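Asks: based on what follows, work out the 3D shape:
(2 chains)
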Amino acid sequence: MRLNTRYLIEALLCILVTGLVLFLYLSTHRPATDPISSYYVRNFMEDTGATNAVAAIYLNYRMFDSMFETLMLLVSVAAVINFSWRRDHE
Amino acid sequence: MNRNSEIIARMTVFLFPMIIVFGFYIILNGHASPGGGFQGGAMLASVFITRYLVYPVEDFQLKMLQIMEKILFLGIVLVPVLFLFVGQPQNAGWLHLPYLILMNLLIGLKVCAGLVVIFFRFVFYEGGKA
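Replies: Residues are numbered from 1 along each chain as shown, chains lettered A, B, ... in the order given. Okay, here's the model as predicted:
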């Protein structure tokens, strides 16, 4: 009996949080006609020379993103090198 | 340690050039088709992982790959700083295509080196010898 009420409370909590997240998403949802995305889609070819909009964005408009993404991979390589060692060499 | 299968070893001979050619195709064609540096670099890293499945010996210098990755990251920082951040060169039309291909190539080789280093550190350096 006690277990059932606990499950009931948990299910109610899940439903409440789901409703809250959905309400927040639907009330703050921006329409799809974002000016900057339509600018990218219309003007990427003469701005960057790429025929692929994704490449135009991640190599030209959002260059800092790819730059620091590769830096993140470098940092994770450094972390793996520092935290792994041969145990028979200890 | 001679426990590798003959079938996998023979099939890898046929798979190797395909993986390498497809990885470089994904990298060099990244500005025109789906794909790019990160995806092609992961494919090139899978060459080394397939090699480990057949021949699990560490007979190349991981140190060289680490140094190569750092040099390539320096290139990844320097090329956009010299080309992109000096102001948007709108009239340099023909320079855009070499820039995109060069950046995809640098990112691909760097991701390949990083993933290979991570994989071989996990395989050969993690845990003790049983």
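Asks: which residues touch the residue in chain B that chain A sits nearest to?
Replies: At 2.8 Å from chain A, residue B:96 is the closest residue in chain B, using CB to the nearest CB. (C-beta placed from N, C-alpha, C; glycine too.) Listed by CB atoms under 8 Å, 6 or more residues apart in numbering or on different chains, the contact set of residue B:96 reads A:48, A:49, A:50.
Asks: ok, and the most crowded of the residues you listed?
Replies: When neighbours are counted by other CB atoms under 10 Å in any protein chain shown, residue A:48 leads the contacts of residue B:96 with 24 neighbours.
Asks: contact partners for that one?
Replies: Here residue A:48 is in contact with A:56, A:59, A:60, A:61, B:96, B:100 (CB under 8 Å, 6+ apart).
Asks: kindly reformat these as CSV containing distance to residue B:122 and secondary structure.
Replies: Listed next are the contacts of residue A:48 as CSV, based on distance: CB to CB, whole Å; DSSP: H, G, I helix; E, B strand; the rest coil:
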residue, distance to residue B:122, secondary structure
A:56, 35, helix
A:59, 30, helix
A:60, 35, helix
A:61, 35, helix
B:96, 39, helix
B:100, 33, helix
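Asks: all helices for the chain, in order.
Replies: Defaulting to chain A. A:2-27, A:35-48, A:53-56, A:63-83 (DSSP state H).
Asks: sorry, I should have been clearer: chain B.
Replies: Under DSSP H, chain B gives helices at B:6-28, B:37-54, B:62-83, B:96-125.
Asks: and those helices, which is most packed in?
Replies: Each of the helices of chain B was scored by mean neighbour count; the highest is helix B:96-125, a mean of 21, by mean count of other CB atoms under 10 Å in any protein chain shown.
Asks: tell me the mean pLDDT over it?
Replies: Throughout helix B:96-125, pLDDT has a mean value of 91.
Asks: again with stretch A:38-56
Replies: The pLDDT scores in stretch A:38-56 average 84.
Asks: quick one: distance of that stretch to the chain centre.
Replies: Relative to the centre of its chain, stretch A:38-56 is centred 22 Å away, using CA atoms, centre = their mean, to the nearest Å.
Asks: straight-line length of that stretch, end to end?
Replies: Using CA to CA, to the nearest Å, the end-to-end distance of stretch A:38-56 comes out at 14 Å.
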